[in-house]
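Chemist: dropping a prediction and its sequence here:
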Amino acid sequence: MYQGKLILCSLANFVHDLAGFRGQTLMAILVRCLISEGKIRRLSYVPGIIRGHGPPDFARPTQVPEVVQRISEMSSPFGTRFEVGEEEVALALEPAT
């Protein structure tokens, strides 16, 4: 969240040819967005990793905590908060009280 707007960056990285990253492990997220009556009602992500040149492996947040931690660290300077659930990590759309 930045100035009340959602910003999602580099979401298609895992669909490009990653030949230059062979042998590396990369982080990935799969975003879920619920829109109702023209408004975003829920935004969440499923964390994952890409090993080498393969497709992403998505998992529960507890299985790839390093991804959840990194996304939280990158987002916290903007006041963005997340709620970690069993299957996904949801963006807290309401401001902290």
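Modeler: Received, thanks. On a predicted model such as this, the values are computed, not experimentally measured, just so you know.
Chemist: what ranges do the helices span in this protein?
Modeler: Assigned by DSSP state H, the chain shows helices spanning 65-75.
Chemist: what ranges does this protein have for its strands?
Modeler: Secondary structure of the chain (DSSP state E): strands located at 25-36, 39-51, 57-58, 82-84, 89-91.
Chemist: right, so the ones you listed: which one is the most enclosed?
Modeler: strand 89-91 (a mean of 19; mean count of other Cβ atoms under 10 Å). C-beta here means a position set from N, CA and C on the backbone, and glycine is covered the same way.
Chemist: for it, give me every contacting residue.
Modeler: Residues from elsewhere that reach strand 89-91 (Cβ atoms under 8 Å, 6 or more residues apart in numbering): 1, 6, 42-47, 61, 68, 71, 80-83.
Chemist: one step back: could you dump the strands of the chain to JSON lines with distance to residue 10?
Modeler: JSON lines is the format used below for the strands of the chain (distance: least, Cβ to Cβ, whole Å):
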{"stretch": "strand 25-36", "distance to residue 10": "9"}
{"stretch": "strand 39-51", "distance to residue 10": "12"}
{"stretch": "strand 57-58", "distance to residue 10": "16"}
{"stretch": "strand 82-84", "distance to residue 10": "18"}
{"stretch": "strand 89-91", "distance to residue 10": "17"}
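Chemist: let's have the ones you listed in a markdown table, adding mean pLDDT.
Modeler: A markdown table is the format used below for these (pLDDT from 0 to 100):
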| stretch | mean pLDDT |
| --- | --- |
| strand 25-36 | 88 |
| strand 39-51 | 90 |
| strand 57-58 | 92 |
| strand 82-84 | 95 |
| strand 89-91 | 95 |
